[in-house]
Every structure is written in structure tokens, then in C-alpha cells.
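Undergrad: model this:
(2 chains)
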2 protein chains.
Amino acid sequence: MAEKGVKVFGMWASPMAIRVEWALRLKGVEYEYVDEDLANKSEALLRYNPATKKVPVLVHDGKPLAESTVIVEYIDQAWNDGYPIMPADPFDRAQARFLARFAEDKCNAALFAIFVATGEAQRKAVHEAQQCLKTLETALEGKRFFGGDAFGYVDVIVGWIAYWLPIIEEVSGVTVVTDEALPLMNAWFGRVVDVDVVKATLPPRDKLVALNKARREQFLSAAA
Amino acid sequence: MAEKGVKVFGMWASPMAIRVEWALRLKGVEYEYVDEDLANKSEALLRYNPATKKVPVLVHDGKPLAESTVIVEYIDQAWNDGYPIMPADPFDRAQARFLARFAEDKCNAALFAIFVATGEAQRKAVHEAQQCLKTLETALEGKRFFGGDAFGYVDVIVGWIAYWLPIIEEVSGVTVVTDEALPLMNAWFGRVVDVDVVKATLPPRDKLVALNKARREQFLSAAA
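TA: Residues are numbered from 1 along each chain as shown, chains lettered A, B, ... in the order given. Predicted coordinates:
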């Protein structure tokens, strides 16, 4: 008999896993959170997500789902009488999926490149990240959130940047987002970290800085 | 005033663009097809998809959408009284999205690596592609298509492999899919290329082989 309820397999420092918690909390869904040691993954995680073995995994009444954007959209549809995460109109919904996918494919790669590079390669990555965020920013014109007045699907998927990018900047010794270069994005950062479900789930900044400093050193020494 | 109707910007040899045509034909939607010269993109393409400048782009009553998986899902919802492309159940829909995303992120990278490599790097890529297709194959157990009895969302997204992979194999001098290694996938290949909307849209094999031979030589000489 399948177990009832909602379980999330995450990792406290993962900006992908936190999206699932945001979506569940927006819906007011109670869940059990399991923190994974990614160097020593649990038998449950490997069984629930044999394809990629990554967090996050959502288990709903015994049925597992992986990949954060897939899970967030599932949560919106499975609890469809609650807070609306996706736009109602099919075209608006498609545009939200496009923006989220663009951020996942292009911006995340540029942000990661900043984190693992130095010198000219890093300067190039900073420029690419700024271009990418500039493209995203056009969707914020005249709005408080990507979702309009309310924190919506694109905000859930891209929102990690509001908290993690200043940490990437600090750890990597660069500046990506300024009021001059990306004013709407910068203002949105402030709104995101002030959203209740976000505030309730963000990991401590000093722990994240320490972990990411160590990770960057690992990457740089592996590349040297 | 926005123009009425449906327009697709594609490129005849693109396995991503053909998905949009499959989805529209499954729905019985009439469309105008515009073939792009990717070395000299049209002003219309650049205006409709400034973020990635890639095909495919769908323009529906003057409103543009990019990214093939986003477009296919939009088509399913915009013409929701026609042929159902996505599964009806939210969990099944999420699983379909997961599989499609897994194929896009992991399998496509491995298949591309085969195409642009030789020797040991290529052998490694063949192994990775087989592992990836093996994971996909588990979703075909006991079914004619990923969508069950009918050609569905995952079939639309992954179906290009049925026609393009034998061409990649020929051009790259390797074998990836055999009846021994991937029997369900191999049988599915045969069913996919026999689906009416697929048969009606596949580009000529000899033209694809010639184009991809030239491309592989370009990649190999650039890497040498």
C-alpha cells in the first residue's frame, strides 16, 4: 500500500530543491522534508529517481517525481484550487515556461561559469550573465513580479537568483547586478527575499557562503 | 492589427522544428511554413525570438512563441478539443514532462557528442547514449508509444531520434541502437516513422545525410 502524504527530498543549499518547498508553501500543503547528503545519497532517493539521482524529488501519496520545474508545475495542477502559480491563459502559461526554460538553459550556465572561473573567462561569463538577466528583465517591465502582482511560476523558478547571486558575487569577487545595469532585476531581488514562503525557507547566508567558498576552491584547484 | 492564422518558422533539417509541425498536424491545424536560412536569419525570426534567435518559432494570430517543447504544449492547450497530445492526468503529464526533459538534457547531449567525436571520446559517447536511451526505454514497456496506444507528447519530443539517429550512426560510423541492446526502442523507431504526420514531414534522407556529413567534417576539422 502506497504511503499517504507529501515528502520532499532536498539538500539545504540547493537552489533547485527550494523551489519545491516554495510551491508547496504557496499552496499551503503540509510536507515532510528529507535532507540528502549528496556525497552519500539515500537508498530512497536512488529508488525514487533512478534516471538522474538528483534532488529535488517529490513523493505524493507514494508516487515520485523529479526535476524541479516539472514538480512545481505538477504541484500547481494537483492542488489546482489553491494559490495559482501558473498563469491561467494558455499563451501566458507558454511564455512563462519559455522564460523559465531560458533562465535554466542560458542564465544558469553563465552564473555557474562565473563561479568556476577567474580572469578573462570570468569577465566573459559576467558579461554573458548580465546579457541573460537583461533579457529576463524585459519581462519585469511595469510589474512587481514576473507573475504580475503576485509571485508566480517564473518567480518560483528564477527566484533563487535573488538570494544566491549576491553570494556568488561575494565568493567569486565580481559584481553582476547593479541598479545601473539591471534596475528592475535589482528591485525584484528585494521583493523576492521579502515573500513569506521565501523568507521562511532560505538557508543561513553564512553557511551558504562558507560552503560555496569551499566549492569554488575545489573547482579552481581541479582546473589548475 | 495582428495578423490571423498560424505560421511556423523552421529549418528543413532541424529535428526540433519538425516537432511543431507534428503537433499542428495531429490537431489538424492549417499553418504556413517559413524555412529559415540559419546563416542569414530573417528579420522576422530575429524580431519574433530576440532571446535565443533560434527556430522553431510559432506565430499564432500575431503572437510569437519559441522553444519547441513549450510550443508543442501550447498547441495542445490552445486547440484543446482536438487530438490529445499531453496525458489528461496531472501526474502522468508531469511524468511525460520529466521524460521529455531528461531526453532533451541528457540524451541529446550524448547523441551530439557521438556526432562531433572520434576514437575513445566517441566510444564513451555511444555508451552514454545507450544508457540514456535505456532509461527512456523503460517507459515503453508494454506500450506501442510513450503515449500508450497513441503517439503523444513524449513521442513528439523524442520521435526525431527514430529518423535522425540512424543517420547519425551512418555519418559517424557507429552503432547505437540494436535489437539486442534496445529492443523496445528499436521497435518504437519503426512505429514512429510510420505515423502519418511523421511520414508527411520527414526531410529526404539523402539530403540529411549529405548535410550532416558536411557538418561533422566541419566540427572535426575545427577541433583538430
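
Undergrad: Spell out which residues of chain A are next to chain B.
TA: Neighbours of chain B within chain A, by CB under 8 Å from any CB of the partner chain: A:50-52, A:60, A:63, A:65-67, A:69-71, A:73-74, A:77-78, A:80, A:90-91, A:93-95, A:97-98, A:101-102, A:106, A:135. In this view, the C-beta of every residue, glycine as well, is placed from N, C-alpha and C.

Undergrad: helices and strands around the helix or strand that contains residue A:99, which ones?
TA: Using DSSP states H and E, the element containing residue A:99 is helix A:90-102. Judged by 3 or more CB pairs under 8 Å, 6 or more residues apart in numbering or on different chains; DSSP states H and E, the packing partners of helix A:90-102 are helix A:119-137, helix A:153-158, strand B:63-66, helix B:68-78.

Undergrad: Can you select the buried ones among the residues of chain A next to chain B for me in ChimeraX?
TA: Only the buried entries of those go into this ChimeraX selection, using 16 or more other CB atoms under 10 Å in any protein chain shown:
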select /A:51,60,65,66,67,69,70,71,73,74,78,90,93,94,95,97,98,101,102,106,135
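
Undergrad: Domain ranges for chain A, per the record?
TA: A:6-78, A:90-223 (automatic domain parsing).

Undergrad: any idea which of the ones you listed is most buried?
TA: Burial of the domains of chain A is given as mean neighbour count (mean count of other CB atoms under 10 Å in any protein chain shown); domain A:6-78 ranks first at a mean of 19.

Undergrad: And it, how far out from the chain middle?
TA: When distances are taken as CA atoms, centre = their mean, to the nearest Å, domain A:6-78 is centred 13 Å away from the chain's centroid.

Undergrad: quick one: low-confidence ranges for chain A?
TA: A:1-2, A:224 (pLDDT under 70).

Undergrad: Can you list the residue ranges for strands in it?
TA: A:6-10, A:32-35, A:57-60, A:63-66 (DSSP state E).

Undergrad: closest to residue A:206 out of these?
TA: Closest approach to residue A:206 among the strands of chain A is made by strand A:32-35 (18.0 Å; CB to CB).

Undergrad: which other helices and strands contact that closest one?
TA: Using 3+ CB pairs under 8 Å, 6+ apart, strand A:32-35 is in contact with strand A:6-10.

Undergrad: Pull the residues that contact the strand it packs on.
TA: A:17-18, A:20-21, A:24, A:29-36, A:42, A:44-45, A:48-49, A:55-60 (CB atoms under 8 Å, 6 or more residues apart in numbering or on different chains).

Undergrad: Mind doing that once more with 7 Å?
TA: Here strand A:6-10 makes contact (CB atoms under 7 Å, 6 or more residues apart in numbering or on different chains) with A:17, A:20-21, A:24, A:29-36, A:45, A:48, A:55-60.

Undergrad: what do you get for stretch A:123-142?
TA: Here stretch A:123-142 has contacts from A:99, A:102-103, A:106-107, A:110-111, A:113-114, A:117, A:146, A:158, A:174, A:176-177, A:181-182, A:184-185, A:188, B:51, using CB under 7 Å, 6+ apart.

Undergrad: what does stretch A:164-172 give?
TA: By CB under 7 Å, 6+ apart, the residues outside stretch A:164-172 that reach it are A:15, A:111, A:114-115, A:122, A:175-177, A:205, A:208-209, A:212-213, A:216.

Undergrad: hmm, try it at 8 Å
TA: Contacts with stretch A:164-172, where a contact means CB under 8 Å, 6+ apart, come from A:15, A:111, A:114-115, A:122, A:175-177, A:189, A:205, A:208-209, A:212-213, A:216.

Undergrad: Mind checking which of those land in helices?
TA: Of these, the ones assigned to helices by DSSP state H are A:111, A:114, A:115, A:122, A:189, A:205, A:208, A:209, A:212, A:213, A:216.

Undergrad: Next, the contact list for the fourth one, please.
TA: Going by CB under 8 Å, 6+ apart, residue A:122 touches A:113, A:114, A:172, A:174.

Undergrad: nearest spatial neighbour of residue A:48, skipping sequence neighbours?
TA: Once flanking residues are discounted, residue A:48 sits nearest to residue A:64: 3.8 Å by CB to CB, 6 or more residues apart in numbering or on different chains.

Undergrad: Excluding covalently adjacent residues, which one is nearest to residue A:49?
TA: residue A:66 is the one closest to residue A:49 (CB to CB, 6+ apart), at 4.2 Å.

Undergrad: Give the bridge partners for that neighbour, please.
TA: Beta-bridge partners for residue A:66, by DSSP bridges, are residue A:57.
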